[in-house]
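S.K.: just a sequence and a predicted model for now, questions to come.
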Amino acid sequence: MEPAPRKVFVKTYGCQMNVYDSARMRDVLAPLGYSETTTPEDADLVILNTCHIREKAAEKVYSEIGRLRRLKRARAEQGGEMLIAVAGCVAQAEGEEIVRRAPSVDLVFGPQGYHRLPQLLARKKSGEGPVVETEFPAEDKFETLRTGQLAGKGVAAFLTVQEGCDKFCTFCVVPYTRGAEASRPREQIMAEARRLAAQGVREITLLGQNVNAYHGSDGGGRTMGLAGLVAELSSIPGIERLRYTTSHPRDMTEDLIAAHAGNPKLMPYLHLPVQSGSDTILKAMNRGHTAADYMRLIDKIRRAKPDIAMSGDFIVGFPGETEKDFESTLQIIRDTGYASAFSFKYSPRPGTPAADMAVQVPEAEKDARLQALQKLVTAQQTAFNRQMVGRTLPVLLEKPGRDPGQLVGKSPYLQPVHVSGGPHLIGMIVDAHITGVGSNSLSGHYDQAV
């Protein structure tokens, strides 16, 4: 007997890990008769897949729940039902507090629990009150995930290979919401990658909180690092490009650096956050490296792969940060030269050591420093993009552009590239001659697809 048709709406906050997790939630729900809808108004189940990294993350979730509560009430008045679920890192951090503050919520589960959605829904349907589950190990999720429809749509896809973090940076909630570092077994990853390739995926981005800390079992009792995994994934027919994010400087191994030099399928783009250029602040953050350590690592990577593009993360206004500390951060940006970067004002996360540090930087000072830092990294990104004009870059065409007859693809350096062409070319890699630079993209033309 076929399950009754239902609709699910998933709203995703935050990082690529959450994008991947949301796709897998939809996969897990498909056998129960749930199909995806793009609006919450006609959904039988609404899932908020939350992120706890940004400022006021929990309050934004509660605000959204307030809007959903009105939809739920209207549905009930019409004799129907809408279930509201809060998933992800806010769910893990808040737990029972969510249903206390928002009684309209039916399910609360952390990022390690979405594979158990069918059981959680069954408990709710059996008459149990709000179901709160936040204690599932990552290994359990990796072992029990269904492997039918996958997270890949189109020609590029995410693939989670590692979760959790053991670094305990003092500003970060990830160790408390995603748990300890855990790596998926090699065979699971390879099987998922092969299915993605069979679906037409040509580029895979490997995901993890500390993805370069990957150490997965190969099924024979041996462990494999990220470099070995990348080498094996490169052998899958149809997979032409590999990327990974997010990395930690302490886990950037010699064999992984060598992979950037020797594996043409590993794209020449590396996101390697440093957060600050001040040793005083790095120590207060518990980053486990100095600014000089980071710069030596950058130098080693660039000696191995001279054309690699670097991306980074920066936090300004960390507790105790002085003008001298901030100037050290600007200097490390000048010395590195980033193709892109993400920058944020420090905001306290309850339960993290930094939230209790005595010397908090005034908001006005944080704002001024953030503007100065973003001005510098924007100038570097613009300069990097302008260097592409006149070059020929291999571009993976991914989707139609905004204008008729236009396609959008990605360069090896993760830049969007606009070219003219028909939809039959989607999935092709073309040698594009770059002729123009937009605010955040390139434009060009090509001779033939390969």
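M.R.: That came through fine.
S.K.: what segments of this structure are helices?
M.R.: Taking DSSP state H as the criterion, the chain contains helices spanning 16-29, 57-77, 88-94, 96-101, 117-125, 138-144, 174-177, 186-198, 226-233, 254-262, 279-285, 291-304, 323-336, 363-386.
S.K.: looking at the ones you listed, spot the one closest to Arg6.
M.R.: helix 16-29 (8.2 Å; C-beta to C-beta). C-beta coordinates here come from the backbone N, C-alpha and C atoms, glycine included.
S.K.: contacting residues for Ser247?
M.R.: Asn210, Val211, Asn212, Leu270, His271, Leu272, Pro273 (C-beta atoms under 8 Å, 6 or more residues apart in numbering).
S.K.: 6 Å - rerun?
M.R.: Ser247 makes contact with Asn212, Leu272, according to C-beta atoms under 6 Å, 6 or more residues apart in numbering.
S.K.: likewise for the one 10 residues further on?
M.R.: Shown in contact with Ile257 (C-beta under 6 Å, 6+ apart): Ile301, Ala304.
S.K.: which residues are in contact with the residue nearest to Val132 when sequence neighbours are not counted?
M.R.: The shortest distance from Val132 to any non-neighbouring residue, by C-beta to C-beta, 6 or more residues apart in numbering, is to Val108 (4.4 Å). Contacts for Val108 (C-beta under 6 Å, 6+ apart) come out as Val86, Ala91, Ile98, Val132.
S.K.: same deal with His260?
M.R.: Counting by C-beta under 6 Å, 6+ apart, His260 touches Leu266, Ala304, Lys305.
S.K.: tell me what the first one is bridged to.
M.R.: Going back to what we said before, that points to Leu266. With DSSP bridges as the criterion, Leu266 is bridged to Leu242.
S.K.: what's the local residue count around it?
M.R.: 24 (other C-beta atoms under 10 Å).
S.K.: need the pLDDT of it.
M.R.: Listed pLDDT for Leu266 reads 98.
S.K.: same check, this time on the second one
M.R.: pLDDT, Ala304: 98.
S.K.: nearest to Glu41, out of the helices of the chain?
M.R.: The nearest among the helices of the chain, by C-beta to C-beta, is helix 57-77 at 6.3 Å.
S.K.: contacting residues around that closest one?
M.R.: Helix 57-77 has contacts (C-beta under 6 Å, 6+ apart) with Val46, Leu48, Thr50, Cys51, Met82, Ile84, Val90, Ala102, Ser104.
S.K.: pLDDT for those - can I get that in TSV?
M.R.: Compiled in TSV, the contacts of helix 57-77 are given as follows (pLDDT from 0 to 100):
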residue	pLDDT
Val46	95
Leu48	95
Thr50	88
Cys51	82
Met82	93
Ile84	94
Val90	84
Ala102	91
Ser104	93
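S.K.: nearest to Gln380 among those residues?
M.R.: Nearest to Gln380 among those, with distances taken as C-beta to C-beta, is Cys51, at 26.6 Å.
S.K.: follow-up on the earlier one: what is the nearest of the contacts of helix 57-77 to Leu376?
M.R.: Cys51 (26.4 Å).
S.K.: so what's that closest one closest to, chain neighbours aside?
M.R.: Excluding the flanking residues, the one nearest Cys51 by C-beta to C-beta, 6+ apart is Gly14, at 2.5 Å.
S.K.: what do you get for Val161?
M.R.: Leu206 (4.9 Å).
S.K.: follow-up on the earlier one: specify the beta-bridge partners of the residue nearest to Val132.
M.R.: With DSSP bridges as the rule, Val108 is bridged to Val86, Val132.
S.K.: quick one: it from Arg250, how far?
M.R.: To Arg250, Val108 is 33 Å away according to C-beta to C-beta, to the nearest Å.
S.K.: now swap in Leu117 and tell me
M.R.: Distance from Leu117 to Arg250, by C-beta to C-beta: 35 Å.
S.K.: and the closest residue to Thr253 other than its chain neighbours, how many residues sit next to it?
M.R.: Excluding the flanking residues, the one nearest Thr253 by C-beta to C-beta, 6+ apart is Gly225, at 6.2 Å. When neighbours are counted by other C-beta under 10 Å, Gly225 registers 18.
S.K.: could you measure from Gly225 over to Phe326?
M.R.: In terms of C-beta to C-beta, Gly225 sits 35 Å off from Phe326.
S.K.: could you do Ala292 as well?
M.R.: 18 Å.
S.K.: neighbour-wise, which of the two wins?
M.R.: Phe326 (24 against 10).
S.K.: wait, the more buried one sits on Arg369?
M.R.: Yes. Shown here, Phe326 and Arg369 form a contact pair, counting by C-beta atoms under 6 Å, at 5.2 Å.
S.K.: report pLDDT for the residue nearest to Gly337 when sequence neighbours are not counted.
M.R.: In space, not counting the residues next to it along the chain, Gly337 is nearest to Gln380; the distance is 5.9 Å by C-beta to C-beta, 6+ apart. At Gln380, the model reports a pLDDT of 97.
S.K.: my read: Gln380 touches Thr336, true?
M.R.: No. If you go by C-beta under 6 Å, Gln380 and Thr336 don't touch, sitting 8.7 Å apart.
S.K.: list the contacts of the residue positioned nearest the centre of the chain.
M.R.: Taking C-alpha atoms, centre = their mean, the centroid of the chain lies closest to Gln16, which sits 2.2 Å from it. By C-beta under 6 Å, 6+ apart, the residues touching Gln16 are Phe158, Leu207.
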